[in-house]
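J.: Fold the stuff below for me.
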Amino acid sequence: MELGLKKETLKMRKLKNRKGFTLLEMMLVILFIGVGFLSILQLMVANLAAEKDIESTYLAMNIAAGKMEQLANLPFNSIVSENTVEVTDFPGYYQFVNVVSAEASLKQITVRLSWLDQLYLLETLRGNI
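T.: Below is the predicted model of the structure:
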């Protein structure tokens, strides 16, 4: 009986001396990895939203610059204000042109582009040379 008891004690000691991770340690590691992964995922989603916003602003800048270039190529007396219209080929973007004659030979031209809840303005002065 004593020999059987010693074998049991030796087995218990061997089990206690084993090197390894407990279930609690593994659960904590999984928790920390999960929190880290969710943080990175949240940053990626925020980055995608910011990228979309930058892309929309860049598109608005190009549309407004194109309209301004179109107006610059017109004869001075043909440059007039235009009502708000949706930009062709770019649904959701609305363009408004306002022309104010500051003097007989000077016009202030403003191109306003709006989309969603944002607004982009481009202004210039055009003289009659």
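J.: Show me what stretch 48-66 is in contact with.
T.: 87, 90, 93, 95, 111, 113, 115-116, 118, 120-122 (Cβ atoms under 8 Å, 6 or more residues apart in numbering). C-beta here means a position set from N, CA and C on the backbone, and glycine is covered the same way.
J.: can I get those in a markdown table with pLDDT, distance to residue 76 and secondary structure?
T.: A markdown table is the format used below for these (pLDDT from 0 to 100; distance: Cβ to Cβ, whole Å; DSSP: H, G, I helix; E, B strand; the rest coil):
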| residue | pLDDT | distance to residue 76 | secondary structure |
| --- | --- | --- | --- |
| 87 | 93 | 25 | coil |
| 90 | 90 | 28 | coil |
| 93 | 94 | 27 | strand |
| 95 | 96 | 21 | strand |
| 111 | 96 | 17 | strand |
| 113 | 94 | 23 | strand |
| 115 | 91 | 30 | strand |
| 116 | 89 | 35 | coil |
| 118 | 91 | 32 | strand |
| 120 | 93 | 25 | strand |
| 121 | 94 | 22 | strand |
| 122 | 93 | 19 | strand |
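J.: Now the buried members of the residues you listed.
T.: In these, burial by neighbour count holds for 87, 93, 95, 111, 113, 115, 120, 122, counting by 16 or more other Cβ atoms under 10 Å.
J.: before we move on, what SS does the nearest residue to the last one once chain neighbours are set aside have?
T.: In this case it means residue 122. Nearest residue to residue 122, sequence neighbours excluded (Cβ to Cβ, 6 or more residues apart in numbering): residue 64, at 4.2 Å. The three-state assignment at residue 64 reads helix, by DSSP: H, G, I helix; E, B strand; the rest coil.
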